[in-house]
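[1] model this:
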Amino acid sequence: MTDRDADKCLAAAAAVEEVCDDMLVGLGTGSTAAHAIAALADRRLKLQAVATSQASADLARSLGIAVRDFADVVRVDLAIDGADAIDAQLRAVKGAGGAMVREKIVAASADRMIVIADAAKRVERLGGVKLPVEILPFARAFAAARLSALFERLEERTDYRTDNGNIVVDGYGWDDADLPGLAGALMAIPGVVGHGLFLTEIDAAYIAGEGIVTRLERGRQAR
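    Numbers count the residues shown, from 1 in each chain. Prediction:
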């Protein structure tokens with residue numbers, strides 16, 4: 001296990017300590033979220049979960065966690081997920097695993113949303129990472145043309161579809177000076193289903209570096 005993997009495990013273990021019996025927990029998608037799912041299974045609590053991807057649902061069920069269909073769910077007690085980058089204000093870019101739309105829906109339904117990450121994901125500004133955008137296949141060329149005004153370069157993920165059946169385009173070289181403005185501009189493009197900017201959804205983050213876990217809370221100092 002690499003040091004970064006070990007730090008992800010530490011962050012995941014710290015985050016799942018917030019989970020209690022009888023909770024309904026939202027499970028994120030990606031390699032870091034997989035550590036949280038494994039750590040949650042190790043706790044052997046009496047709980048149920050909803051998953052933001054089929055891969056996470058399959059992993060959770062294989063580890064003995066009961067998974068519900070989110071289509072029948074109104075609210076979630078706690079959601080836990082990873083991030084591609086996160087800043088000091090708990091604004092993040094997500095979507096490397098392609099599940100950002102479902103992740104945003106589950107985060108919006110949760111009373112509390114936690115991100116877990118290794119220290120390399122903590123950044124001063126978000127603009128240095130790729131920003132995933134989910135697009136309806138019907139709008140592929142049209143939406144990409146509109147998106148080209150917001151990014152220096154776009155790359156469509158080859159032979160890839162989300163669990164929603166949509167395309168993902170990764171945008172590079174974008175201006176992070178006005179994140180709410182960018183989020184609004186993205187969603188104003190017909191055919192764009194969602195994007196990886198998480199600006200207000202995250203309540204806390206557990207970030208591990210060199211074996212030390214730091215907890216960040218929205219509006220509070222790091223602990």
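[2] Leu179 touches Leu197, doesn't it?
    Yes - with contacts defined as Cβ atoms under 8 Å, Leu179 counts as touching Leu197 at a distance of 6.3 Å. For the C-beta atoms, the positions are set from N, CA and C on the backbone; glycine is no exception.
[3] joint contacts of the two?
    Taking Cβ atoms under 8 Å, 6 or more residues apart in numbering as the contact rule, Leu179 and Leu197 both touch 91, 126.
[4] List the buried residues in stretch 209-223.
    Residues of stretch 209-223 classed as buried by neighbour count (16 or more other Cβ atoms under 10 Å): 209, 213, 215-216.
[5] Give me the distance from that stretch to the chain's centre.
    The chain centroid and the centroid of stretch 209-223 are separated by 18 Å under Cα atoms, centre = their mean, to the nearest Å.
[6] Alpha carbons of the worst-scoring helix or strand of the chain on mean pLDDT, as CSV, please.
    Confidence across the helices and strands of the chain bottoms out at helix 3-16, with a mean of 92, counting by mean pLDDT, DSSP states H and E. Once non-C-alpha atoms are left out, helix 3-16 reads as follows in CSV (Å, rounded to 0.1, in the frame of the first residue of the first chain):
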residue,chain,number,x,y,z
ASP,A,3,1.5,6.2,1.6
ARG,A,4,-1.4,8.0,-0.2
ASP,A,5,-3.5,4.8,0.0
ALA,A,6,-2.6,4.5,3.7
ASP,A,7,-3.7,8.1,4.2
LYS,A,8,-7.0,7.5,2.4
CYS,A,9,-7.6,4.6,4.7
LEU,A,10,-6.9,6.7,7.8
ALA,A,11,-9.2,9.5,6.6
ALA,A,12,-11.9,6.9,5.8
ALA,A,13,-11.6,5.3,9.2
ALA,A,14,-11.9,8.7,10.9
ALA,A,15,-15.0,9.7,8.9
VAL,A,16,-17.0,6.5,9.4
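[7] So Leu179 and Leu197 - more neighbours on which side?
    In this comparison of Leu179 against Leu197, neighbours counted by other Cβ atoms under 10 Å, the higher total goes to Leu197 at 26 against 19.
[8] contacting residues for that one?
    Under the criterion of Cβ under 8 Å, 6+ apart, the contact list for Leu197 reads 91-93, 126, 131, 179, 182-183, 186.
[9] now it: how far from Met187?
    For Leu197, the distance to Met187 (Cβ to Cβ, to the nearest Å) stands at 10 Å.
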